[in-house]
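[1] need the 3D shape of this:
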Amino acid sequence: MRGMTTNDALFSPTPMPDAPIGTARAEQLMALSGLEIIRAIMLGKLPVPPMARTMQQWIETAEEGVVEFRGDPSETYVNPMGLIHGGWSMTLLDSAMGCAVQTILEAGETYVTLGIETKFLRPITARTGQVRAIGKVIDRTRRTATAEARIEDSLGRILATGTTTCFLDRPGHS
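    You can find the predicted model right below:
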C-alpha cells in the first residue's frame, strides 16, 4: 500500500483523482481478474463508477485481498443532527469491502453482496477531514467471501467498522 501498512496510524490527505466517469462494458471486464479491474480503474484505463464522484469516495491503493478507499465528508452529506449521514459511511465501508473481495476474483468471476453489518463508533462531521476505509478479505470459499473494513480519521481513530459476506459466481454456474 504505497509504502504504508494498514497498521499505520496516520495518513496524509490526497485529492480525489481526476478520472473518466462511466460504466465499463461487460466485455471489457470478463477477461480481467478482479485485481486487474481495480487497478485499471485506478489508472484511468476503465471508468470510475459515477457514484464515486457523487459520494466523493475513491480507491487509493489496492493489492490482493486489501483495498484502501478515501472519502471526503462534507456539508453535502450532513443529516439533520449535523453529522455525516450513516449512509455515506456505509457506502464507504461497502465499497472498501466489496472491492477487497473483487481483488481476489479470477477473470470471469463476479460477486454480489449478501449482507453487511455496520457499527458507528465515533461521529463523522464535515470538519473531520478526509477519512480512509481499509477493507480486507478474511475468508473465501468456493461460493462466498467474507471481508471486513474500518473507517479511520487522519489520526488513526476508528470511526466505524463493517463486515460483509458476498456471493461469488461465474457465468453459467448460477
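[2] chain neighbours aside, what residue packs nearest to the most centrally placed residue in the chain?
    The centroid of the chain falls nearest to residue 96 when counting by C-alpha atoms, centre = their mean (2.1 Å). Closest residue to residue 96 apart from its sequence neighbours, by C-beta to C-beta, 6 or more residues apart in numbering: residue 135 at 3.2 Å. (Glycine included, C-beta is placed from N, CA and C.)
[3] just the strands from the protein, written as ranges.
    Taking DSSP state E as the criterion, the chain contains strands spanning 57-63, 66-71, 110-120, 131-140, 144-152, 158-169.
[4] which of those sits closest to residue 24?
    Closest of the strands of the chain to residue 24 is strand 110-120, at 12.7 Å (criterion: C-beta to C-beta).
[5] helices or strands next to the closest one in the packing?
    helix 86-102, strand 158-169 (3 or more C-beta pairs under 8 Å, 6 or more residues apart in numbering; DSSP states H and E).
[6] and the last one, what does it pack onto?
    Where contact means 3+ C-beta pairs under 8 Å, 6+ apart, strand 158-169 is packed against helix 86-102, strand 110-120, strand 144-152.
[7] tilt between the shortest one and strand 131-140?
    Read it as strand 144-152. Computed by axes from the mean of the first three to the mean of the last three C-alpha atoms, to 10 degrees, the angle separating strand 144-152 from strand 131-140 equals 160 degrees.
[8] other residues contacting strand 144-152?
    Strand 144-152 has contacts (C-beta atoms under 8 Å, 6 or more residues apart in numbering) with 11, 71, 89, 92-93, 96-98, 100-101, 104, 111, 114, 124, 131-140, 158-168.
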